[in-house]
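Q: take a look and give me a structure for this.
(2 chains)
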Amino acid sequence: MKDIFITPFVDMFAAPDFLLQVLWEGLVSGILYALIALGFVLIFRSSRIFNFAQGIMVVFAALTLVGFHAMGVPAWTSVALTLGVMLALAVSIERVVLRPLVGQPDIILFMATIGITLFLIGFGEIIFGGENKVMITEELGIPTDSWVLEPWGGLLILEQKDVTAVIAAAMLVVGLLAFLNYTRMGRAIRALGDDSQAALSVGISLQTIWVLVWFIAGIIALVTGIAWGARAGVSFALEVIAYKALPVLMLGGLESITGAIIGGLMIGMLEKLFEIYWGQPLLGGNTETWFAFMLALVVLLFRPQGLFGEKIIERV
Amino acid sequence: MLDQSQGYVTADGRQIGGVLMEMKDITLRFGGVTAIKDISFDIHEGEIRAIIGPNGAGKSSMLNVISGFYTPQEGEVWYKGAPRPAMKPYEVARMGVARTFQNIALFEGMTVLDNVMTGRLNHMKAGILAQAIWWGKARDEEIANREHVERVIDFLEIQSIRKTPVGRLPYGLKKRVELARALAAEPSLLLLDEPMAGMNVEEKEDMSRFILDVNDEFGTTIALIEHDMGVVMDLSDRVVVMDYGKKIGDGTPDEVRNDQTVIDAYLGVPQE
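A: The predicted structure follows:
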């Protein structure tokens, strides 16, 4: 019992600089989980589709970026071209997959996004090959040095590319929230999620909004891809981290952008804390692969709508 | 422009304009079922036009044809003096036709204010970027739109609930918010699908008053479907009566009330 309830906390207070380091690492991966979850939430809110393909879109965006650069295209031009590819992807998904399936049950559309996932994996491997690639971090002007801080005479290392990722993610989220809350298109996106028939009657085009939303999800995927690629390289294995977005969504609810962000950060930090202070000493480590799911299960037990999801009230 | 020479003067002395919309020989089928059979009628600018009929007469289908949710197999819809090509509902909405639904279709998660603001979507033209950074034209536009929306909210007396999420409102108020959203679009033609359905007497009176006031104050042309005969006869300038997908009467409330075919359709014909 002492190992579970006392020792970890004593360790935390004994070395607060190390605790900060752990929390920072957790925050960085949490931000990336949050970004992926954000892509899910956006598409779900506007179309009630659970987009299984969000994870592979991250990989696909990162591979496309690296691919363009490998062809000799300057780094930032590659970013612009990749955005073009993501737009084309959004348009073709709407045309080929979503439009013919309008009005079908949600599960059919969910299956369709699994189809998109499998297609993107196969298509991506044909074009880019299956081997690992290195993200063009320096070429994009992202600093790769570290800041070494010494809080309380201890040691805290902040990698500048992580700091950049956090700032970029924060800007993306703020921009997205402003877009959704204060613009015509943003309002249309929120409206469509609530009632598509009513949306049509006030002059909102289903097709335009779907393309827009999938394109935004593509932009988010690209940012996530760059940030994660800078840490771990670019390969199809990256898709696995997308599954971490699932517990994030269970925690944050499928509807809430704030929920996705807070859920992502919570999972990122809690799983790191658990791994370092409980997992490694008590369970032999490697708890990060399952901790998030267990946490989500526990939350679901008590709050089926997630921490921030809208409460489901049925009138009888 | 509309040909104003076709206008007329109502019983209570209001001047009605020319033909705003004309349905020409509309036929609508769902598979083997003919929902609307060869119906023609017109809607004049500034009038309140009712479509009535027993259950299953095809009234809602007619409204859905007007608002573009259904495309008829035969016939033409003329709008502002020209035939309208087959259009999607959102395109029809952009041409100035706003509507409400029989089973309220509101954005439940959004506030009353946001719901009504969506009615202004077609009046916002500034670019996405300008809107995102709340700058220049986008800002002026949003302010102008807000002013109009506040006028509508004031007019329909829903100021006290402007920040309330729609999902929490009682039925009667939801109906009113839906009307506000449609009105916010400054429509040339306002379609109301059973605006009083499920309301109590008091709410019906309120709604009738709002419909008359809207017509009077904004000069909005209104086409409505309604079950409650008393309400319809009081409200409307002219009435189309449908039964089994066919038009069986068309005229002022008094004319329709005394039409034998209409009486038969509503009360049934005694067996010989």
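Q: give the contact list for A:Val213.
A: A:42-43, A:46-47, A:90, A:189 (C-beta atoms under 8 Å, 6 or more residues apart in numbering or on different chains). Yep, even glycine has a C-beta here, placed from its N, CA and C like the rest.
Q: sorry, slip of the keys, the one I care about is B:Arg94.
A: By C-beta under 8 Å, 6+ apart, the residues touching B:Arg94 are A:203, B:122.
Q: helices and strands around the helix or strand encompassing B:Leu173, which ones?
A: Taking DSSP states H and E as the criterion, B:Leu173 maps to helix B:171-184. Packing partners of helix B:171-184 (3 or more C-beta pairs under 8 Å, 6 or more residues apart in numbering or on different chains; DSSP states H and E): strand B:97-99, helix B:112-118, helix B:137-155, strand B:189-193, helix B:201-218.
Q: check contacts around residue 63.
A: Assuming you mean chain A. A:Leu63 is in contact with A:124, A:127-128, A:133, A:234, counting by C-beta under 8 Å, 6+ apart.
Q: I was after chain B.
A: With C-beta under 8 Å, 6+ apart, B:Leu63 has these contacts: B:51, B:99, B:191, B:193, B:223, B:225.
Q: just the buried ones among those residues, please.
A: By neighbour count, with 16 or more other C-beta atoms under 10 Å in any protein chain shown, the contacts of B:Leu63 hold B:51, B:99, B:191, B:193, B:223, B:225 as buried.
Q: B:Thr165 contacts B:Glu108, correct?
A: One correction, residue B:165 is Pro, not Thr. Yes: the pair B:Pro165 / B:Glu108 is scored as a contact, 7.2 Å apart, by C-beta atoms under 8 Å.
Q: so for A:Ala15, what's the pLDDT?
A: A:Ala15 is assigned 84 on the pLDDT scale.
Q: quick one: the spatially closest residue to it that is not a sequence neighbour and A:Pro8, what's the gap?
A: In this structure, A:Ala15 finds its nearest non-sequential neighbour in A:Gly154, 6.6 Å apart by C-beta to C-beta, 6 or more residues apart in numbering or on different chains. According to C-beta to C-beta, to the nearest Å, A:Gly154 stands 18 Å off from A:Pro8.
Q: do the same with B:Ile225
A: Using C-beta to C-beta, B:Ile225 is found at 68 Å from A:Pro8.
Q: give me the distance between stretch A:253-265 and the centre of its chain.
A: 10 Å (C-alpha atoms, centre = their mean, to the nearest Å).
Q: mind listing what's buried along that stretch?
A: So, applying 16+ other C-beta under 10 Å, buried residues of stretch A:253-265: A:253-257, A:259-265.
Q: ok, stretch A:101-117 next?
A: Applying 16+ other C-beta under 10 Å to stretch A:101-117 flags A:109, A:112-113, A:116-117 as buried.
Q: cool, stretch A:149-162 as well?
A: Buried residues in stretch A:149-162, counted by 16+ other C-beta under 10 Å: A:156, A:158-159, A:161-162.
Q: could you pull out the helices for chain A?
A: A:2-5, A:7-14, A:16-47, A:54-70, A:75-92, A:106-128, A:160-182, A:184-194, A:196-201, A:206-232, A:239-243, A:245-252, A:257-273, A:288-302 (DSSP state H).
Q: pick the most deeply packed of the ones you listed.
A: helix A:245-252 (a mean of 27; mean count of other C-beta atoms under 10 Å in any protein chain shown).
Q: show me what that one is packed against.
A: So helix A:245-252, by 3+ C-beta pairs under 8 Å, 6+ apart, packs with helix A:16-47, helix A:257-273, helix A:288-302.
Q: between those helices, which one is closest to B:Asp254.
A: In terms of C-beta to C-beta, the element of the helices and strands packed on helix A:245-252 nearest to B:Asp254 is helix A:16-47, at 49.6 Å.
Q: which of the buried residues of stretch A:253-265 come close to chain B?
A: Among these, the ones lying near chain B by C-beta under 8 Å from any C-beta of the partner chain are A:Glu255.
Q: quick check, nearest of the buried residues of stretch A:253-265 to A:Phe215?
A: A:Ile257 (17.1 Å).
Q: local confidence estimate at the closest one?
A: Looking at A:Ile257, its pLDDT reads 83.
Q: my guess is it contacts A:Ala37. True?
A: No: between A:Ile257 and A:Ala37 there is no contact, the gap being 9.2 Å when judged by C-beta under 8 Å.
Q: next, the contact list for A:Ser196, please.
A: A:Leu206.
Q: how much space separates it from B:Leu179?
A: With C-beta to C-beta as the criterion, A:Ser196 and B:Leu179 are 20 Å apart.
Q: what residues does the stretch 101-250 of chain A put near chain B?
A: Checking the stretch 101-250 of chain A against chain B by C-beta under 8 Å from any C-beta, the hits are A:175, A:178-179, A:182-188, A:190-191, A:193-195, A:197-206.
Q: the same query, at a cut-off of 6 Å, please.
A: Neighbours of chain B within the stretch 101-250 of chain A, by C-beta under 6 Å from any C-beta of the partner chain: A:178-179, A:183-185, A:187, A:191, A:194-195, A:197-198, A:200-205.
Q: just the pLDDT for A:Arg315.
A: pLDDT at A:Arg315 comes out at 49.
Q: next one: A:Gly193
A: pLDDT, read off for A:Gly193, is 76.
Q: try B:Glu272
A: Looking at B:Glu272, its pLDDT is 59.
Q: one more: B:Asp154?
A: B:Asp154 is assigned 91 on the pLDDT scale.
Q: could you pull out the strands for the stretch 1-150 of chain B?
A: For the stretch 1-150 of chain B, the strands defined by DSSP state E, counting those that start in this stretch cover B:8-9, B:15-16, B:19-30, B:33-44, B:48-52, B:74-79, B:82-83, B:97-99.
Q: next, the buried residues of stretch B:263-270.
A: Residues of stretch B:263-270 classed as buried: B:Ala265 (neighbour count, 16+ other C-beta under 10 Å).
Q: can you tell me the centre-most residue of the chain?
A: Went with chain A since none was named. For chain A, the residue sitting closest to the mean C-alpha position, by C-alpha atoms, centre = their mean, is A:Ile36 at 1.2 Å.
Q: switch to chain B, please.
A: Most central in chain B (C-alpha atoms, centre = their mean) works out to B:Leu191, at 1.0 Å.
Q: thinking again about what came up before, near chain A too, which of the contacts of B:Leu63?
A: Near chain A, by the rule C-beta under 6 Å from any C-beta, you find B:Arg99 out of the contacts of B:Leu63.
Q: okay, the buried ones among the contacts of B:Leu63 in JSON lines with pLDDT next?
A: Below are those laid out as JSON lines (pLDDT from 0 to 100):
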{"residue": "B:Ile51", "pLDDT": "93"}
{"residue": "B:Arg99", "pLDDT": "92"}
{"residue": "B:Leu191", "pLDDT": "94"}
{"residue": "B:Asp193", "pLDDT": "92"}
{"residue": "B:Ala223", "pLDDT": "95"}
{"residue": "B:Ile225", "pLDDT": "92"}
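Q: which one of these is nearest chain A?
A: Comparing those against chain A with C-beta to the nearest C-beta places B:Arg99 closest, at 5.1 Å.
Q: so what's that closest one closest to, chain neighbours aside?
A: In space, B:Arg99 is closest to B:Leu191, 3.9 Å off (C-beta to C-beta, 6+ apart).
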